[in-house]
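**Q** requesting a structural model of the entry that follows:
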Amino acid sequence: MFKRLLISLAVLLLCGAPAMAQEAKTFAVLPFSVHGPQEYQYLSQGIQSMLTTRLTWPENFTPLDAGAIKKAAATLPADAGAAEKIRQKLGVDYLFWGAMTVMGQECSLDVNTIDPKGANQPRPVQTQLNQVIPSLETVAADINAQVFGKPETATAKNQPVVQPMNQGLIVNETKSGTAYANPSLKYEDADTSMGRWRSQTLPFASRGMVVCDGDGDGKNEIFLMTASSLIAYRMSEGQMRQIAELELPKGRNYVRLNTIDLNRDGRHEFVIAAAIDKEPKSLIAEFDGSKFSIQQDFIPYFLGVLNMPPAFTPTLVGQGVGRVKYMESTINQMIKSGGKYEPGPAVNLPMGGNVFNVTFVPHENDYQIIMVDDYDRMRVFSSTETLMTVTDETYAGSNLGIEYHSAALGMKAPDGKQAPQDMVYIPLRAIPANLDKDNRFEVIISRNISVSAQFFSNYRDYPQGEIHSLYWDGVGMSLQWKTARIKGTVTDYALADMDNDGAVDLVVNINTHTGMAGTSQKKTMVVAYPLDLSQAGTEIQKTVQ
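**A** Alright, predicted model coming up:
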């Protein structure tokens with residue numbers, strides 16, 4: 001009897017051996033110490049997040065929850081001995097920790113690995129500041145191969161072929177996975193054969209565009225704003241057909257067209273920000289399907305629409321003129337009282353934020369603030385208004401601006417038109433979107449391109465442009481995809497079902513270039529990229545991360 005029991009136990013142990021051998025190992029990545037200017041402190045958690053993502057190998061090596069790490073590691077380790085105590089406290093097989101030292105545009109990255117025996121294996125890396133992400137990719141691949149024994153092709157074998165959302169979109173060239181389209185198309189213009197629809201050329205210059213259901217019939221219309229009018233179009237048999245036009249009040253500088261369903265009745269109102277000289281004089285219009293009407297005029301604020309967290313509900317906001325800097329003044333939610341729109345609760349924004357240059361983007365159960373500054377650089381802030389990064393590239397540049405007289409602190413601005421005036425340019429919008437339906441939002445934004453604009457700050461005539469989809473990778477903003485180069489100046493864009501066929505379109509409004517001499521008359525057109533989102537939320541889309 002005893003002998004049979006021993007045999008049974010041996011059989012059970014032998015059967016369980018493979019399962020025990022395949023038991024997943026665990027690891028934790030601590031926040032990294034960052035030695036350098038304050039603006040780089042966000043990299044502490046950025047590097048932690050990136051390494052955790054790159055080292056995760058499902059069913060083989062799994063990370064410890066970030067919340068548990070934060071509770072157990074109140075202070076960062078100063079040496080391998082302190083790191084080993086944290087590893088034992090966390091109860092993980094491997095612990096990764098280290099530091100980053102920033103020196104000008106160069107940095108030193110030290111990644112340490114504590115194994116189950118308590119031995120430390122350092123991996124020092126010298127790199128440029130703009131090459132931190134590729135360097136981390138290399139370090140992670142080295143750890144995966146040497147420490148975990150992960151085959152280099154383990155990920156590649158399981159990755160399906162990526163299908164493009166549209167042939168006219170070019171995915172960022174990545175080391176892993178298959179790109180949406182051929183990277184050689186990077187500087188080529190797209191045409192209708194590449195999945196791009198183009199409207200007829202219209203004999204005026206556009207100042208803004210929205211695509212929305214203006215009359216509440218369940219179908220979208222296209223609305224274009226010019227220097228003097230608001231025009232409604234409806235798609236019919238593949239063409240844009242004009243159905244109504246509103247002549248806007250004369251003598252104003254119209255700088256932004258927004259839309260919002262103020263009455264929650266399914267009909268979108270049109271919020272038009274404008275100025276007379278330098279003073280804001282905005283208006284709100286509505287559309288009944290055949291004609292426009294002005295709902296309220298002479299609103300003494302620059303009006304805008306922000307998707308306010310935490311619900312990210314479209315909210316009407318307003319802003320006056322600053323005393324020292326033109327666009328630096330209190331921003332308020334606008335509330336209708338007594339038939340008029342009056343300032344309500346204040347909106348907290350980072351310094352330099354205004355109703356035109358700020359976008360709230362959902363991020364990991366919180367949000368980030370995207371702001372385009374006076375130099376068209378994109379600034380990314382946390383929800384606590386901490387600056388996380390500033391892009392090297394320029395985005396959302398436009399040639400729409402307002403002239404004003406600047407004044408030093410405590411001084412009165414000069415009167416009259418004889419004194420030289422400054423110009424504040426109104427950037428184009430940024431659109432938060434999650435087209436691939438993963439756990440990360442992207443930002444859809446324009447990038448108007450001009451060689452001359454790189455040397456002359458006030459040169460705002462762009463011969464070509466692109467639409468970019470950017471995402472936060474833990475360290476900075478990275479390119480997910482972009483359109484092929486578009487000839488002309490991008491003036492506005494939208495994500496909407498333009499032709500009411502059930503598919504989302506990337507709709508881009510462009511003005512033709514005036515030529516080198518600037519003598520050609522500007523005209524406008526609309527181009528659209530139908531997006532195939534049928535595979536959104538699958539692993540196919542995640543290969544572009």
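
**Q** going by C-alpha atoms from here, please, whenever you check contacts or count neighbours.
**A** Noted.

**Q** which strands or helices does the stretch of helix or strand Ser108 belongs to pack on?
**A** Taking DSSP states H and E as the criterion, Ser108 maps to strand 106-114. With contacts taken as 3 or more C-alpha pairs under 8 Å, 6 or more residues apart in numbering; DSSP states H and E, strand 106-114 sits against helix 80-90, strand 94-103, strand 120-128.

**Q** who are the contact partners of Asp499?
**A** If a contact means C-alpha atoms under 8 Å, 6 or more residues apart in numbering, then Asp499 has 220, 235, 238 as its contacts.

**Q** quick one: it and Arg54, what's the gap?
**A** Distance, Asp499 to Arg54, by C-alpha to C-alpha, to the nearest Å: 41 Å.

**Q** and what of Arg379?
**A** Arg379 is 26 Å from Arg54, by C-alpha to C-alpha.

**Q** who's more crowded, these two?
**A** Taking neighbours as other C-alpha atoms under 10 Å, Arg379 and Arg54 compare with Arg379 leading, 20 against 15.

**Q** can you pull out the strands in the stretch 101-250 of the chain?
**A** Counting by DSSP state E, counting those that start in this stretch, the stretch 101-250 of the chain has strands at residues 106-114, 120-128, 169-171, 197-198, 208-212, 221-225, 229-236, 239-247.

**Q** give me the nearest residue to Val380, chain neighbours excluded.
**A** Excluding the flanking residues, the one nearest Val380 by C-alpha to C-alpha, 6 or more residues apart in numbering is Ile370, at 4.9 Å.

**Q** and that neighbour, which helix or strand is it part of?
**A** Judged by DSSP H and E, Ile370 forms part of strand 366-372.

**Q** next SSE downstream of that strand?
**A** strand 377-381.

**Q** angle of that following strand against strand 366-372?
**A** Put simply, strand 377-381 runs at 160 degrees to strand 366-372, going by axes from the mean of the first three to the mean of the last three C-alpha atoms, to 10 degrees.

**Q** and strand 377-381, C-alpha only, in CSV?
**A** Extracted in CSV, the C-alpha atoms of strand 377-381 (Å, rounded to 0.1, in the frame of the first residue of the first chain):
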residue,chain,number,x,y,z
ARG,A,377,5.8,74.1,-30.5
MET,A,378,3.6,71.5,-28.8
ARG,A,379,3.8,71.6,-25.0
VAL,A,380,2.6,68.6,-23.0
PHE,A,381,1.5,69.1,-19.4
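
**Q** ok, that strand: who's next to it in the sheet?
**A** strand 366-372 (antiparallel), strand 387-394 (antiparallel) (DSSP bridges).

**Q** kindly export the shortest one (C-alpha atoms) in CSV.
**A** Read that as strand 366-372. Extracted as CSV, the C-alpha positions of strand 366-372 are listed here (Å, rounded to 0.1, in the frame of the first residue of the first chain):
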residue,chain,number,x,y,z
ASP,A,366,-6.5,61.0,-15.9
TYR,A,367,-5.7,63.5,-18.6
GLN,A,368,-2.9,65.5,-20.2
ILE,A,369,-3.0,69.1,-21.5
ILE,A,370,-1.7,69.7,-25.0
MET,A,371,-0.9,73.4,-25.7
VAL,A,372,0.6,75.0,-28.9
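
**Q** deepest of the helices and strands packed on strand 106-114, which one?
**A** Counting by mean count of other C-alpha atoms under 10 Å, strand 94-103 has the highest mean neighbour count of the helices and strands packed on strand 106-114, with a mean of 21.

**Q** where along the stretch 251-400 of the chain do the strands fall?
**A** All strands of the stretch 251-400 of the chain, identified by DSSP E, counting those that start in this stretch, fall at 253-260, 269-276, 279-280, 282-287, 292-299, 302-308, 313-319, 331-337, 340-346, 358-363, 366-372, 377-381, 387-394.

**Q** can you name every helix or strand that the second one contacts?
**A** By that I understand strand 269-276. Counting by 3+ C-alpha pairs under 8 Å, 6+ apart, strand 269-276 packs on strand 253-260, strand 282-287, strand 302-308.

**Q** got the CA coordinates for the shortest one in CSV?
**A** It stands for strand 282-287. In CSV, the C-alpha atoms belonging to strand 282-287 read as follows (Å, rounded to 0.1, in the frame of the first residue of the first chain):
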residue,chain,number,x,y,z
SER,A,282,-17.9,86.8,-31.2
LEU,A,283,-21.2,85.4,-32.4
ILE,A,284,-23.3,82.2,-32.2
ALA,A,285,-25.4,81.0,-35.3
GLU,A,286,-27.7,78.2,-36.0
PHE,A,287,-28.9,76.3,-39.1
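
**Q** what pairs with it, parallel or antiparallel?
**A** Short version: by DSSP bridges, strand 282-287 pairs with strand 269-276 (antiparallel), strand 292-299 (antiparallel).

**Q** these: which one's closest to Asn120?
**A** strand 269-276 (60.3 Å; C-alpha to C-alpha).

**Q** ok, Ala227 touching Phe204?
**A** No. Counting by C-alpha atoms under 8 Å, Ala227 does not reach Phe204; the two are 9.0 Å apart.

**Q** more neighbours: these two, which one.
**A** The neighbour count for Ala227 versus Phe204, taken as other C-alpha under 10 Å, is higher for Ala227 (18 against 15).

**Q** next, give phi and psi for the more buried one.
**A** Per-residue torsions, Ala227: phi -70, psi -10 (degrees, to the nearest 10).

**Q** once you drop chain neighbours, what's closest to it?
**A** Excluding the flanking residues, the one nearest Ala227 by C-alpha to C-alpha, 6+ apart is Tyr254, at 6.2 Å.

**Q** I'd assumed Ala273 was in contact with that neighbour.
**A** Yes. Using C-alpha under 8 Å, Tyr254 makes contact with Ala273 at a distance of 6.1 Å.

**Q** beta-bridge partners for Ala244, please?
**A** Taking DSSP bridges, one obtains Ala232 as the residues bridged to Ala244.

**Q** how many other residues sit next to the residue nearest to Val380?
**A** Using other C-alpha under 10 Å: Ile370 sits among 22 other residues.

**Q** what's the distance between it and Val490?
**A** Per C-alpha to C-alpha, Ile370 is found 20 Å from Val490.

**Q** remind me which residues of the stretch 301-450 of the chain are low pLDDT?
**A** Low-confidence segments of the stretch 301-450 of the chain, defined by pLDDT under 70: 405-421, 450.

**Q** what stretches of the stretch 151-300 of the chain score poorly on pLDDT?
**A** In the stretch 151-300 of the chain, residues with pLDDT under 70: 151-164, 172-194.

**Q** one more pass at 90, please.
**A** For the stretch 151-300 of the chain, applying pLDDT under 90 flags the ranges 151-196, 237-238, 263-265, 277-278.

**Q** bridged to the residue nearest to Lys278 when sequence neighbours are not counted, which residues?
**A** Spatial nearest neighbour of Lys278, chain neighbours left out: Tyr404 (5.6 Å); criterion: C-alpha to C-alpha, 6+ apart. Taking DSSP bridges as the rule, Tyr404 bridges to Asp422.

**Q** what are the phi and psi values at the spatially most central residue of the chain?
**A** Note on the chain: the residue nearest the mean C-alpha position is Val443, at 2.1 Å, using C-alpha atoms, centre = their mean. The phi/psi pair for Val443 (degrees, to the nearest 10) reads phi -120, psi 120.
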